[in-house]
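Asks: this is the structure alone, sequence omitted:
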C-alpha cells in the first residue's frame with residue numbers, strides 16, 4: 001500500500017527542486033511524492049547530486065524504492 005504524504009511535504013519537495021534545478025521543467029504529476037522527496041534531497045546535497053537528479057528527470061529514468 002502506498003504511503004500517503006501531506007500536500008505540504010510534496011509542495012516543499014517540489015519547491016526545493018525548482019530552487020536547485022531552475023532550468024528543468026518538473027511535472028509533479030509524473031514524479032510521485034516519494035520520487036520528489038528523493039530528488040529534492042539529492043538537489044540539496046551538492047552540485048554532483050544536483051546534476052544526477054537533473055539527468056534522472058531529463059531522461060525519465062524511473063526510480064524504485066527497495067529494501
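Replies: Cool, got the structure. For clarity, every value in this text was computed on a predicted model and none was experimentally measured.

Asks: what comes up buried for stretch 18-36?
Replies: Under the neighbour-count criterion of 16 or more other CB atoms under 10 Å, stretch 18-36 has 20-21, 26, 31, 33-36 buried. C-beta here means a position set from N, CA and C on the backbone, and glycine is covered the same way.

Asks: and which of those residues is nearest residue 13?
Replies: Proximity of the buried residues of stretch 18-36 to residue 13 (CB to CB) peaks at residue 36, which lies at 4.1 Å.

Asks: quick one, helices of this protein?
Replies: Counting by DSSP state H, the chain has helices at residues 7-20, 33-45, 47-58.

Asks: if you count contacts, what does the first one end up packed against?
Replies: Under the contact criterion of 3 or more CB pairs under 8 Å, 6 or more residues apart in numbering; DSSP states H and E, the helices and strands touching helix 7-20 comprise helix 33-45, helix 47-58.

Asks: buried ones in the helix or strand of the chain with the lowest mean pLDDT, by neighbour count?
Replies: Least confident element among the helices and strands of the chain, by mean pLDDT, DSSP states H and E: helix 7-20 (a mean of 79). Of all the residues in helix 7-20, those buried under the rule 16+ other CB under 10 Å are 10, 13-14, 16-17, 20.

Asks: which among the helices of the chain is found nearest to residue 64?
Replies: Across the helices of the chain, closest to residue 64 is helix 33-45 (CB to CB), at 9.5 Å.

Asks: what does the closest one contact?
Replies: 3, 5, 9-10, 12-14, 16-17, 19-21, 28, 31, 49-50, 52-53, 56-57, 63, 65 (CB atoms under 8 Å, 6 or more residues apart in numbering).

Asks: one more time with 10 Å
Replies: 2-7, 9-21, 24, 26, 28, 30-32, 48-54, 56-57, 62-65 (CB atoms under 10 Å, 6 or more residues apart in numbering).
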